[in-house]
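>>> Just a sequence and a predicted model for now, questions to come.
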Amino acid sequence: MHELSIAQSICQSVAERVGDARVDEMTVEIGALSGVNRDSLQFCLGEAAPLCGVKLGRFDIRVVPARAECVCGHTYDADDLMAPCPECGGYSRAFSGGEDVVVSRLVLVEEE
Amino acid sequence: MSRRTEILDKIVIDKGDRIALKNRELIDRAGVLALNLIGSPGCGKTTLLEKTIAELHSPADGRPILRVGVIEGDVQTTFDRDRIAQAGAPAAQIETAGACRLDAAMVEKALPEIPLDDIDILVIENVGNLICPCGPQLGEHLKVAVVSVPEGDEKPAKYPQVFVRSDAAVISKIDLLPHLEYDLDRAVTDCKKLNNTIKVFSLSAKTGERMGGWIDYLRSLSDAHRTG
């Protein structure tokens, strides 16, 4: 239920970046540990864009997993946080990343 | 004619983090250690704080007094602020009017109500919720998860994010263990599977059982923070 305010922040940041240009395509990355729900954000972005003055076309939301770094030296995408290291079977791994919300790609269309 | 441009510079959505950084600067200038306390409604966060305040404000063992201040987050009412004030600590209340978690801007508004120069530890008690509050930074140094025995021993596994991101976890209400089927070892092991550096304290704030380890932990954090 906090996704609407995140969608608003995303659209405000995009509006500052692109001005009047039409946003034909946008990719948003959300970290798996960010507490942001993909489906909810999908809906909220569609609602927030016109309110923030962003002419938004297609957009795509990708969930970025946290990275796990195990003491055995193996690093991997941690899709399941309860699962042991797939290399050594141990649980002595530290998670990092997967916390951010980032707009990673914009395709703008400007009339000339 | 129209022109297509592709932008691949990342725009990080971090307005909240920037406000959190300002909060942190204010907290750091006063030399205060700040904790973000996260747990479900009714898991015993406020009771834990009441007992923690009693132990730190009136140490029975001759150790120095540590002064606590609290920012309370709830959807509505000032019940918890009143409880903390009754316990003898300065307290501010944030009523989120429906929002499921605190954010840095809310804490920024509440901070002037707390006399930072007169306290050693600031606890920001988040809105009762085990999911949403683990996202935003508020300006805290550490996150502490609270999960109670009646919630069931599978909670760390079912709600992993908060345990991955917390520095410590408190398993509260262990006085109820004789009455419930709760595998304490499983809960502790799952916390450690999610976060191999997390400190886990199982205790009862109501009876005082095993409160000592938690109090020692807060004291060592506060000492380490002051000596920097």
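Arrived safely, thanks for sending. Residues are numbered from 1 along each chain as shown, chains lettered A, B, ... in the order given.
>>> Grab the longest helix from chain A for me.
helix A:3-18 (DSSP state H).
>>> Leaving aside the residues adjacent along the chain, what's closest to B:M211?
Nearest non-adjacent residue to B:M211, counting by C-beta to C-beta, 6 or more residues apart in numbering or on different chains: B:L203, 5.3 Å away. Quick note: C-beta positions are derived from backbone N, CA and C, even for glycine.
>>> shouldn't the one you found be in contact with B:A168?
No - using C-beta atoms under 8 Å, B:L203 makes no contact with B:A168, being 11.7 Å away.
>>> Could you check how far the residue nearest to B:M211 is from B:Q137?
27 Å (C-beta to C-beta, to the nearest Å).
>>> try B:V127
15 Å.
>>> repeat for B:I84
Applying C-beta to C-beta to B:I84 and B:Q137 gives a distance of 23 Å.
>>> which of those two has more neighbours?
B:I84 (25 against 20; other C-beta atoms under 10 Å in any protein chain shown).
>>> phi, psi of the residue in chain B that chain A sits nearest to?
At 3.5 Å from chain A, B:G135 is the closest residue in chain B, using C-beta to the nearest C-beta. Main-chain torsions, B:G135, degrees, to the nearest 10: phi -80, psi -70.
>>> Please name the nearest non-neighbouring residue to it.
A:G35 is the one closest to B:G135 (C-beta to C-beta, 6+ apart), at 3.5 Å.
>>> Also A:S40?
Per C-beta to C-beta, 6+ apart, closest to A:S40 is A:E3, 4.1 Å.
>>> burial measure for the one you found, as a count.
22.
>>> mind checking pLDDT for it?
pLDDT, A:E3: 94.
>>> does the closest residue to chain B within chain A count as helix, strand or coil?
Among the residues of chain A, A:G35 lies closest to chain B, at 3.5 Å counting by C-beta to the nearest C-beta. Classification of A:G35 using DSSP: H, G, I helix; E, B strand; the rest coil returns coil.
>>> Equivalent analysis for A:V63, please.
Strictly by three-state DSSP, A:V63 counts as strand.
>>> ok, residue 7 - how many residues close by?
Assuming you mean chain A. A:A7: 26 neighbours (other C-beta under 10 Å).
>>> You answered for a different chain; I wanted chain B.
Based on other C-beta under 10 Å, the number of other residues close to B:I7 is 18.
>>> if we can go back for a sec, how near is the residue of chain B closest to chain A to B:V127?
12 Å.
>>> which neighbours do those two share?
B:R101 (C-beta atoms under 8 Å, 6 or more residues apart in numbering or on different chains).
>>> What's the local residue count around the residue nearest to B:M211?
23.
>>> what about stretch B:137-150, distance to the chain center?
3 Å (C-alpha atoms, centre = their mean, to the nearest Å).
>>> Only the buried residues of it, if you could.
Buried positions in stretch B:137-150, judged by neighbour count with 16 or more other C-beta atoms under 10 Å in any protein chain shown: B:Q137, B:L138, B:G139, B:E140, B:H141, B:K143, B:V144, B:A145, B:V146, B:V147, B:S148, B:V149.
>>> Please tell me how far the residue nearest the centre of chain B sits from B:T77.
Against the mean C-alpha coordinate of chain B, by C-alpha atoms, centre = their mean, the closest residue is B:L37 at 1.3 Å. With distances taken as C-beta to C-beta, B:L37 is found 18 Å from B:T77.
>>> those helices in chain A, which residues are they?
Going by DSSP H, chain A shows helices at A:3-18, A:38-51.
>>> meant to ask about chain B
B:15-29, B:45-57, B:79-86, B:104-110, B:155-158, B:160-165, B:184-194, B:211-227.
>>> With just CA atoms, put the second one into CSV.
Read that as helix B:45-57. Coordinates of the C-alpha atoms in helix B:45-57 are reproduced here as CSV (Å, rounded to 0.1, in the frame of the first residue of the first chain):
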residue,chain,number,x,y,z
LYS,B,45,7.5,-3.5,20.9
THR,B,46,6.2,-0.9,23.3
THR,B,47,6.3,-3.2,26.3
LEU,B,48,9.9,-4.1,25.5
LEU,B,49,10.7,-0.3,25.4
GLU,B,50,9.0,0.4,28.7
LYS,B,51,11.1,-2.3,30.4
THR,B,52,14.2,-1.3,28.5
ILE,B,53,13.7,2.3,29.7
ALA,B,54,13.3,1.2,33.3
GLU,B,55,16.5,-0.9,33.1
LEU,B,56,18.6,1.8,31.5
HIS,B,57,17.3,4.7,33.4
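>>> Report the mean per-residue pLDDT for it.
98.
>>> Report the angle between it and helix B:211-227.
70 degrees (axes from the mean of the first three to the mean of the last three C-alpha atoms, to 10 degrees).
>>> in helix B:45-57, what counts as buried?
B:K45, B:T46, B:T47, B:L48, B:L49, B:E50, B:K51, B:T52, B:I53, B:A54, B:E55, B:L56.
>>> Residue numbers of chain B in contact with chain A?
Residues of chain B lying close to chain A by C-beta under 8 Å from any C-beta of the partner chain are B:1-8, B:10-16, B:99-101, B:103, B:131-135, B:157, B:160-161, B:164-165, B:190, B:192-197.
>>> are any of those residues buried, and which?
Buried among the residues of chain B next to chain A (16+ other C-beta under 10 Å): B:7, B:11, B:13-14, B:16, B:99-101, B:103, B:131-135, B:157, B:160-161, B:164-165, B:190, B:192-195.
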